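# A structural model of the following input is requested.
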Amino acid sequence: MTATSLSTTTRDEHGARQNEHASSCPGPDTGSAAGIQLTDISLSYRQGSQAVHVLDRIGLSLAPDEFVCLLGPSGCGKSTLLSIIAGYVQPSGGSVRIDGKHHTKPTPQVGVVFQHANLFPWLSVAGNVEFGLRMAGIGRKERRRIASFYIGLVGLEASAARLPHQLSGGMKQRAALARTLATEPRIVLMDEPFSALDALTRESMQLHVRRIWQQTRRCFFLITHDVDEALLLGRRIIVMHPNPGTIVQDIRNPLFQDTDAPSFSILRASKDFADLRQHLVSMIAGSGSNSR
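Okay, the predicted model is just below:
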């Protein structure tokens, strides 16, 4: 496998081929409009007398069971695009559709895991995971059952009664992930959730997330500037360039193992991994020519 043999979509051909990815991925029969559809998403604002263009005509389709990584340098608009999908920010132009319906505000269908866990310090792990369920009016017995399931899914059964200050960084992020999953969103957005963790904890969290995706088969959309992370987790890797933020390549990851939990150490040692990594690094390095 060489970088030139990859199944990719460049910016020029992206609009014509973006639906190909969603239709070719296995998943529940939810209709042709299922998943996320971004059409010509643009965002700009005025700074004094000048217009600042943040995103330019972003087009993207995500199938309902895909794991997609959005890769790009800091400042290219990745987190802004995630905020638009989440309904926190309104684009200047274009539209977001989820399962075929126009999407403009936060909804329980879309869960977000942020860079920082942001747990309530006065609540235990279980209390934090139950919080969204309690706000939704779910009864105590049922929300405890649901919370217990997702706390177990992230491997925190023994820490359910602990307060956030008694947790390590990785444990806090697992609790935050369980809190998001407990409301059972169809789409899970993750904004560089492992960037503040040490290397060993980060890899452990990546494995946790990969196994959870395999068990739940929801749509996971991960923002990252870490090339290795994108290669290890993404079925598809979307590459962005900055100024303004645009999608320049859409790669179907040939290293992705759809059913079995991967051995990250074996993947990293392979020539295919090294070749694809170099290709992606070159793509991101090339984005510097767009910077102002």
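
# Assumed residue 84 was part of a helix.
Yes. Under DSSP: H, G, I helix; E, B strand; the rest coil, residue 84 falls within a helix.

# Can you report how many residues lie near it?
A count of nearby residues for residue 84, using other Cβ atoms under 10 Å, gives 23. All C-beta spots, glycine's among them, are computed from the backbone N, C-alpha and C.

# show me the contacts for the nearest residue to it once chain neighbours are set aside.
Leaving aside its sequence neighbours, residue 84 sits nearest to residue 91 (Cβ to Cβ, 6 or more residues apart in numbering; 5.3 Å). By Cβ atoms under 8 Å, 6 or more residues apart in numbering, residue 91 lies in contact with 41, 42, 43, 55, 84.

# Tell me the bridge partners for the third one.
The residues listed as beta-bridge partners of residue 43 by DSSP bridges are residue 55.

# Can you give me the pLDDT of it?
Confidence at residue 43, expressed as pLDDT, is 94.

# measure it to residue 51 for me?
Distance of residue 43 to residue 51, computed by Cβ to Cβ, to the nearest Å: 11 Å.

# Over to the second one?
The gap separating residue 42 from residue 51 is 11 Å, by Cβ to Cβ.

# Which one's more surrounded, the two?
Under the neighbour definition other Cβ under 10 Å, residue 42 and residue 51 were set side by side, and residue 42 has more, 17 against 10.

# part of a strand, is the residue nearest to residue 84?
No. Applying three-state DSSP, one finds residue 91 to be coil, outside a strand.

# Switch the contacts of residue 91 over to a markdown table; also include distance to residue 126.
Shown next, in a markdown table, are the contacts of residue 91 (distance: Cβ to Cβ, whole Å):
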| residue | distance to residue 126 |
| --- | --- |
| 41 | 38 |
| 42 | 42 |
| 43 | 38 |
| 55 | 39 |
| 84 | 33 |
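
# Averaged pLDDT, stretch 283-292. What do you get?
63.

# Need the pLDDT of residue 268.
82.

# Identify the bridge partners of residue 219.
The partner residues for residue 219, given DSSP bridges, come to residue 187.

# Run through the residues that contact it.
35, 36, 62, 63, 64, 65, 66, 68, 186, 187, 188.

# Now do the contacts for the closest residue to the third one other than its chain neighbours.
Nearest non-adjacent residue to residue 62, counting by Cβ to Cβ, 6+ apart: residue 36, 4.2 Å away. Under the criterion of Cβ under 8 Å, 6+ apart, the neighbours of residue 36 are 60, 61, 62, 85, 96, 97, 98, 187, 219, 221.

# Off-centre distance for stretch 176-194?
9 Å (Cα atoms, centre = their mean, to the nearest Å).

# Tell me the buried residues in it?
176-183, 185-194 (16 or more other Cβ atoms under 10 Å).

# how about it as PDB, C-alpha atoms only?
The C-alpha trace of stretch 176-194 is given here as PDB (Å, rounded to 0.1, in the frame of the first residue of the first chain):
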ATOM      1  CA  ALA A 176     -17.300  12.400  30.800                       C
ATOM      2  CA  LEU A 177     -17.600   9.900  27.900                       C
ATOM      3  CA  ALA A 178     -20.000   7.800  30.000                       C
ATOM      4  CA  ARG A 179     -22.100  10.900  30.800                       C
ATOM      5  CA  THR A 180     -22.400  11.700  27.100                       C
ATOM      6  CA  LEU A 181     -23.200   8.100  26.100                       C
ATOM      7  CA  ALA A 182     -25.800   7.700  28.900                       C
ATOM      8  CA  THR A 183     -28.300  10.000  27.100                       C
ATOM      9  CA  GLU A 184     -27.900   7.600  24.200                       C
ATOM     10  CA  PRO A 185     -27.200  10.200  21.400                       C
ATOM     11  CA  ARG A 186     -27.100   8.800  17.900                       C
ATOM     12  CA  ILE A 187     -24.100  11.000  17.100                       C
ATOM     13  CA  VAL A 188     -21.100  11.500  19.400                       C
ATOM     14  CA  LEU A 189     -18.900  14.500  18.700                       C
ATOM     15  CA  MET A 190     -15.400  14.500  20.400                       C
ATOM     16  CA  ASP A 191     -13.300  17.700  20.500                       C
ATOM     17  CA  GLU A 192      -9.700  16.600  21.000                       C
ATOM     18  CA  PRO A 193     -10.700  14.800  24.300                       C
ATOM     19  CA  PHE A 194      -7.300  13.200  24.800                       C
END
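
# other SSEs contacting the longest helix seen in the chain?
Counting by DSSP state H, the longest helix found in the chain is helix 199-216. Packed against helix 199-216, as judged by 3 or more Cβ pairs under 8 Å, 6 or more residues apart in numbering; DSSP states H and E, are the following elements: helix 169-182, strand 219-224, helix 227-233, helix 264-269.
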